[in-house]
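# here is a sequence together with a model predicted from it:
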Amino acid sequence: MAIVYQKTKGLQDTELHYCPGCHHGIAHKLIAEVMDEMGILDDAIGICPVGCSVFAYKYFNCDMQGAAHGRAPANASAIKRLLPDSPVFTYQGDGDLASIGVAEIVHAAMRGEKFTTFFINNGIYGMTGGQMAPTTLIGQKATTCPSGRTVEQAGRPIHMAEMLSTLEGVAYSTRVCLTDIPNIMKAKKAIRKAFEMQMAKKGFTFVEILSACPTNWGLSPIKSLDWIKNDMIPVYPLGDIKDIDKEVAKDA
Amino acid sequence: MLKQVICAGFGGQGALSIGKSIIEAGMAEGLNVTWSPSYGPEMRGGTANCHVVLSDEPIGSPVFTRATGLIAMNYPSLVKFEPNVVPGGLILVNSSVVTEKVKRDDVRAYYIPSTDIATEIGNIKVANMVMMGAYLAATKAFKVETVEEMIKGMFTGSKAKLIPANIEALHRGMECIK
Amino acid sequence: MAKELWKGNEAIGEAAVRAGCDGYFGYPITPQSEVPEYMSWRMPQVGRVFLQSESEVATINMLYGGGAAGKRVMTSSSSPGIALMQEGFSYMAISEVPCVVVNCMRGGPGLGTIQPGQSDYMQATRGGGNGDYYNVVLAPCNMQETVDFVQEAFDIADQYRNPVMVVVDGLIGQMMEPIEWHDVPKRDIPPKTWATTGKHGRDHTNVIQSLEIDPESCNATNGRLHQKFMEMKKNEVRFDAENCDDAEVVVVAYGTPARIVMSAMKELREEGVKVGLFRPITIWPYPTEQLRKLAGEDHVKNFLVVEMSEGQMVEDVDFAVQGQKPITFYGVSGGAIPTIEAIKEHVMALLKEAK
């Protein structure tokens, strides 16, 4: 019988520890598939964060480093400078990237470091048990804002993809989600484009992935998909925010 | 032989350079040397000084409170470091800038109009080398040929034209010590 | 080889270049900014990497990334910057990532002063970051030792797969002194088969990370690392003892204060005073056994510890001496430098007491 679908070689045969309905698994699979399809898996070096995806080093079938909290872009900057032809990516959550690691991501982007960052935005701290993140929506409940995030107390959510797109070192900044097949296909295309632009040494590439956290949102996996569509996307609109290829095409 | 010299002045007066010339000459004669600058915000327009040690034995402390010599390029430096000079020690005062005299009578003091001499030579930048000449003559710490060779090594290529003025400055400084 | 006159900080950079440093990462801070300034042109000149980071926090994690990728990496900083780096030291120790860090110490705490200090002794020798780990800490007292140790530090780091620190003070960084470039002894370094370089056909992934969520497994890792630290302790102790064979007063000092003690000792010996200098060259591992043995000698009546701190090394001296002889401390901190005269006075006072 012909094989029509099989697990990507980009992932190891390790059981994922993620909760039911969590989107980390889909994001992992897409990144792994793209690396395999592009033939860069054997050269790639990934850096996983502190957060739920701290164990990603067990899952990706490429060399991996586990960074200190928020510092993955610093690790990646050094690796890419020292091994300029190697594909390098960081995989970071919103506490890691948008809170404790803001300086590292902003400066890596400013320098136009030629690696790719995958930013999992689920609006909450997962691993530590559902505390407020910089990406938590106004009114969204978390264990450190039990009545919901307020502007007075915590300001408004941070828009990393937009913020980073203002830096000239950034070649590509986009936001995707994983709520259904069409969006998953779009996400995969974005991941591939980011890796391709990295390998073409065009600059820093950034893919923000809106992601479900049913456990800490207190919602079922299905309801979580609705919440992304109805609550998150209005605040974090999908699509390319910056693509220097398109800008070049426009200018021409 | 152990010489501990403080070179001090306003930033830009060349006190640190005089110290460097002293250790380079000492090194050329096979002595052990150290040069330790004051550093920090005061270097911008304020006072600058360095501690220089020359010795025929391995050097212990690169900094000291008892100086065998002081080269004071301005008045505040003279006031500040005069008490540090050991009895019988040497004080060279840049008398083009400092009109006051050394108060102590247990030291050898010489007044070197280094800026005036440099102006006469036609290059104010050689004032340092005038002081270097005076130090050489007052201490006999190294041979004049050593310093002349050092000057030739310092100015090469398009800068070689500066050699005669520096050598003249060296000798004019030496003549100040009688 | 002929002697060359170098400024301390620039010589530190050149020593790293000669040791085959692949990448220098750093952030400006007085009194060591001449190191990144020198490396900014020197590293590209030899086809290697220089990167000015956004902070010391980023710097140390750049070393983590680059070192874990199998490259020889280095940074230099000064006390407040080194404080910020402690997270990375801890990560690299458990992940067994080699790197070289030079701390050009200044007076603290806080922003403190930019003048020379030794108040990072505890931080350097006790781990500094979280968890059970140690770094080899070399403490040169002059420029020649500084350049030799910076070169050797890369080999020590690679041999043990562990960060190695070289601690100097602002004075050594700023001063000029002649040096000779030595071929420092090369160690037998196994190939870095563990490095995250990309698989390139390897049948398994290499992983460098520090998480050990299972207590038993974390305990086992710590135990294994502890064995390694004990190996380091056994093999890497260095010290120097001058005039200690008949000394009644033994001065214990490292770095710049040790040099000042040498001057004081020379003058005192000329006056017939039996004073010696015990100089730890590694402050971790500490030459505990050697100092303990010296403390047991009948001719030794007193120890005097001299530091540019409020007495941080006294604990180590105390542990070594174990009450066999009295210990006195003379130190200055906050950027002040001990004087030859004050050291002499302290030695003379101890001798008077002993009589």
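Good, I have the coordinates.
# give the buried residues for stretch C:36-46.
Buried residues in stretch C:36-46, counted by 16 or more other Cβ atoms under 10 Å in any protein chain shown: C:36, C:37, C:38, C:39, C:42, C:43. C-beta coordinates here come from the backbone N, C-alpha and C atoms, glycine included.
# that one near chain B at all?
No - against chain B, stretch C:36-46 shows no contacts by Cβ under 8 Å from any Cβ of the partner chain, the least distance being 14.0 Å.
# find the nearest non-adjacent residue to residue 75, please.
The chain I'm using is chain A. residue C:65 (2.9 Å; Cβ to Cβ, 6 or more residues apart in numbering or on different chains).
# if you could check chain B rather than the one you did, that'd help
residue B:98 (4.9 Å).
# chain center to stretch C:296-315, what's the gap?
19 Å (Cα atoms, centre = their mean, to the nearest Å).
# ok, back up a step: widest-spaced pair of the buried residues of stretch C:36-46?
Largest separation among these by Cβ to Cβ: C:37 and C:43, giving 11.4 Å.
# surely the residue nearest to residue B:75 meets residue B:71?
No - taking Cβ atoms under 8 Å as the definition, residue B:98 is not a contact partner of residue B:71, at 11.4 Å.
# quick one, what contacts the residue of chain B found nearest chain C?
Relative to chain C, the nearest point of chain B is residue B:60 (3.3 Å; Cβ to the nearest Cβ). Residues near residue B:60 by Cβ atoms under 8 Å, 6 or more residues apart in numbering or on different chains: C:259, C:260, C:261, C:262, C:263, C:264, C:265, C:266.
# same check, this time on residue A:62
Residue A:62 neighbours (Cβ under 8 Å, 6+ apart): A:10, A:35, A:41, A:42, A:44, A:45, A:46, C:198, C:199, C:205.
# report the secondary structure state of the last one.
Applying DSSP: H, G, I helix; E, B strand; the rest coil to residue C:205 yields a three-state assignment of coil.
# the fourth one too?
Secondary structure, three-state DSSP: residue A:42 is coil.
# identify the residue nearest it in space, chain neighbours excluded?
Using Cβ to Cβ, 6+ apart and skipping residues adjacent in sequence, the residue nearest residue A:42 is residue C:199, 5.0 Å away.
# which one of the contacts of residue A:62 sits closest to chain B?
For these, the nearest to chain B is residue A:45 (41.0 Å; Cβ to the nearest Cβ).
# contacting residues for the closest one?
By Cβ under 8 Å, 6+ apart, the contact set of residue A:45 is A:62-65, A:79, A:83, A:86-89, C:69, C:196-198.
# okay, now residue 12: neighbour count?
Answering for chain A, as no chain was given. 16 (other Cβ atoms under 10 Å in any protein chain shown).
# look at chain B instead
A count of neighbours around residue B:12, defined by other Cβ under 10 Å, yields 12.
# with residue C:65 instead?
The number of residues near residue C:65, taken as other Cβ under 10 Å, comes to 34.
# for it, give me its contacts.
Contacts of residue C:65 were listed using Cβ under 8 Å, 6+ apart, and they are A:47, A:65, A:67, A:74, A:75, A:76, A:77, A:78, A:79.
# hmm, back to that, a markdown table for the contacts of residue A:45, including pLDDT, secondary structure and distance to residue C:57?
Formatted as a markdown table, these follow (pLDDT from 0 to 100; DSSP: H, G, I helix; E, B strand; the rest coil; distance: Cβ to Cβ, whole Å):
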| residue | pLDDT | secondary structure | distance to residue C:57 |
| --- | --- | --- | --- |
| A:62 | 98 | coil | 26 |
| A:63 | 98 | strand | 24 |
| A:64 | 98 | strand | 22 |
| A:65 | 98 | strand | 17 |
| A:79 | 98 | helix | 17 |
| A:83 | 98 | coil | 23 |
| A:86 | 98 | coil | 24 |
| A:87 | 98 | coil | 26 |
| A:88 | 98 | strand | 20 |
| A:89 | 98 | strand | 21 |
| C:69 | 98 | coil | 19 |
| C:196 | 98 | coil | 21 |
| C:197 | 98 | coil | 25 |
| C:198 | 98 | coil | 26 |
